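J.: Give me the fold of what follows.
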Amino acid sequence: MLLKYIRDGLVEEEHIVEFSKGESSKDTKIYYLRSCAKPLQASLLVDYKIHNEFQLTSAEIALTCASHAGEECHVKLAESLLNKFKVKITDLKCGIHPPLSKKSAKFLEQMGKAPNELYNNCVGKHLLFLALCKINGWDIKTYDDKNHPLQQLVKEQINKFCEVTENYPITKDGCGVPILSMPLANMVKGYKNLFSNPKYEIIKSAFKNNPYIIGGEDRLDTEVMENSSNLIAKVGAGGLCIVYNTLNQEAVGIKIQDCDMKSRRIALLEYLNRLNWGSFSYDNKIKTLHGDIVGEIVLK
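T.: Residues are numbered from 1 along each chain as shown. Just a heads-up that it's a prediction; the model follows:
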């Protein structure tokens with residue numbers, strides 16, 4: 001499909017959009033999972049009973065699945081996990097970046113404070129990785145290495161959920177740990193298999209009960225979940241988002257080929273509306289700075 005920006009009858013922009021409901025296709029493109037992998041990785045939390053061992057709250061479980069915006073609520077949960085797992089901030093290999101939240105970034109700047117690893121949107125996943133290493137007696141200093149038993153376990157777990165049998169490319173994600181690639185259809189299968197399995201009910205509940213922890217300010221997955229009672233959503237870098245419908249146990253994935261985040265939002269919300277999975281509002285009008293409408297954004 002194409003998302004077209006039409007200004008007074010002239011197509012000014014076109015964004016190629018791929019949607020999948022999990023059907024296999026001969027003409028298949030391969031994409032990196034990016035942060036859409038997080039709930040699949042977090043399933044190991046259940047398999048190794050980490051939620052029981054460390055008495056995790058639903059919000060803390062949500063943080064292990066999150067690409068959070070670095071707001072106070074997120075950082076406090078990261079600090080709590082740091083203490084519960086008895087690890088140090090220096091053990092984290094996720095790196096440092098400014099908060100994704102503009103408000104949080106501005107607040108830190110005004111306070112003259114620099115962000116640390118706890119503001120990294122992937123810190124919850126990394127904290128879970130450290131917990132898995134500790135509970136299995138694995139070296140925590142090299143947990144980011146693709147040959148580490150943790151990363152081999154993660155690879156096996158994701159491929160199982162996503163029904164992947166081929167050896168697709170693996171690279172380092174932005175936060176430094178290995179990330180797998182596969183067709184969009186397999187990503188969607190992974191979400192169906194995870195969220196429809198009663199064994200992983202606490203992962204599903206963590207999403208449903210803590211949509212703001214999963215993302216936060218101006219995050220698409222949070223927007224989808226806060227405006228629906230039956231949808232679970234998770235974004236990934238590179239123009240990805242996967243949505244699971246708890247009512248019919250179906251899922252849909254979206255990939256914007258040029259990774260444009262505004263286009264991803266409009267295309268996904270429009271597609272969910274067409275599926276009758278919700279009634280999402282968005283502004284598809286193209287306007288001047290004076291508010292004059294000069295065109296519209298359409299999905300065809």
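
J.: low-scoring stretches of this structure, by residue?
T.: Applying pLDDT under 70 to the chain flags residues 26.

J.: Check the gap between the residue lying closest to Gly215 once chain neighbours are set aside and Lys234 for me.
T.: In this structure, Gly215 finds its nearest non-sequential neighbour in Thr222, 3.6 Å apart by Cβ to Cβ, 6 or more residues apart in numbering. From N, CA and C alone the C-beta is placed, and that goes for glycine too. Separation of Thr222 from Lys234 (Cβ to Cβ, to the nearest Å): 10 Å.

J.: any shared contact partners between those two?
T.: Common neighbours of Thr222 and Lys234, using Cβ atoms under 8 Å, 6 or more residues apart in numbering, are Ile214.

J.: which secondary structure elements does the longest strand seen in the chain contact?
T.: The single longest strand within the chain, with elements called by DSSP state E, is strand 10-20. Applying 3 or more Cβ pairs under 8 Å, 6 or more residues apart in numbering; DSSP states H and E, we find strand 10-20 packed against strand 2-7, helix 184-195, strand 250-256, helix 261-274.

J.: quick one: strands adjacent to the following helix or strand past it?
T.: Helices and strands here follow DSSP states H and E; after strand 10-20, the next one along the chain is strand 30-32. In the sheet containing strand 30-32, the strands it pairs with under DSSP bridges are strand 178-183 (antiparallel).

J.: what's the angle from the strand it pairs with to strand 10-20?
T.: Interaxial angle, strand 178-183 versus strand 10-20 (axes from the mean of the first three to the mean of the last three Cα atoms, to 10 degrees): 100 degrees.

J.: got a list of contacts for strand 178-183?
T.: For strand 178-183, the surrounding residues in contact (Cβ under 8 Å, 6+ apart) are 20, 24-25, 28-34, 37, 144, 146, 151, 154-155, 158-159, 162, 164, 168-173.

J.: Relative to the whole chain's centre, how far out is that strand?
T.: Distance of strand 178-183 from its chain centroid, counting by Cα atoms, centre = their mean, to the nearest Å, is 14 Å.

J.: quick one: strands adjacent to the helix or strand containing Ile232?
T.: Following DSSP H and E, one finds Ile232 within strand 231-236. Strands adjacent to strand 231-236 in the sheet, as given by DSSP bridges, are strand 240-245 (antiparallel).

J.: Keeping just the C-alphas, turn stretch 168-181 into PDB.
T.: C-alpha atoms of stretch 168-181 as PDB (Å, rounded to 0.1, in the frame of the first residue of the first chain):
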ATOM      1  CA  TYR A 168      18.300 -14.900   8.600                       C
ATOM      2  CA  PRO A 169      20.900 -12.100   9.200                       C
ATOM      3  CA  ILE A 170      21.700 -11.000  12.800                       C
ATOM      4  CA  THR A 171      23.200  -7.600  13.700                       C
ATOM      5  CA  LYS A 172      23.600  -5.400  16.800                       C
ATOM      6  CA  ASP A 173      20.600  -3.400  17.800                       C
ATOM      7  CA  GLY A 174      21.000   0.300  18.800                       C
ATOM      8  CA  CYS A 175      21.500  -0.700  22.400                       C
ATOM      9  CA  GLY A 176      24.400  -3.100  21.500                       C
ATOM     10  CA  VAL A 177      22.800  -6.600  21.900                       C
ATOM     11  CA  PRO A 178      22.100  -9.000  19.000                       C
ATOM     12  CA  ILE A 179      18.900  -8.600  17.100                       C
ATOM     13  CA  LEU A 180      17.300 -11.100  14.700                       C
ATOM     14  CA  SER A 181      15.700 -10.500  11.300                       C
END
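
J.: how far does it sit from the chain's center?
T.: Distance, centroid of stretch 168-181 to centroid of chain: 14 Å (Cα atoms, centre = their mean).

J.: Please apply the same query to stretch 1-20.
T.: The answer for stretch 1-20 is 25 Å, by Cα atoms, centre = their mean.

J.: Now do the buried residues in that stretch.
T.: Residues of stretch 1-20 classed as buried: Leu3, Lys4, Tyr5, Ile6, His15, Val17, Glu18, Phe19, Ser20 (neighbour count, 16 or more other Cβ atoms under 10 Å).

J.: got it, and stretch 283-300?
T.: Neighbour counts over stretch 283-300 (16+ other Cβ under 10 Å) mark Ile286, Gly295, Ile297, Leu299 as buried.

J.: start to end distance for that stretch?
T.: In stretch 283-300, first residue to last residue: 17 Å (Cα to Cα, to the nearest Å).

J.: Stretch 245-260 too?
T.: End-to-end span of stretch 245-260 (Cα to Cα): 24 Å.

J.: Next: stretch 274-290.
T.: Terminal residues of stretch 274-290 lie 31 Å apart, using Cα to Cα.
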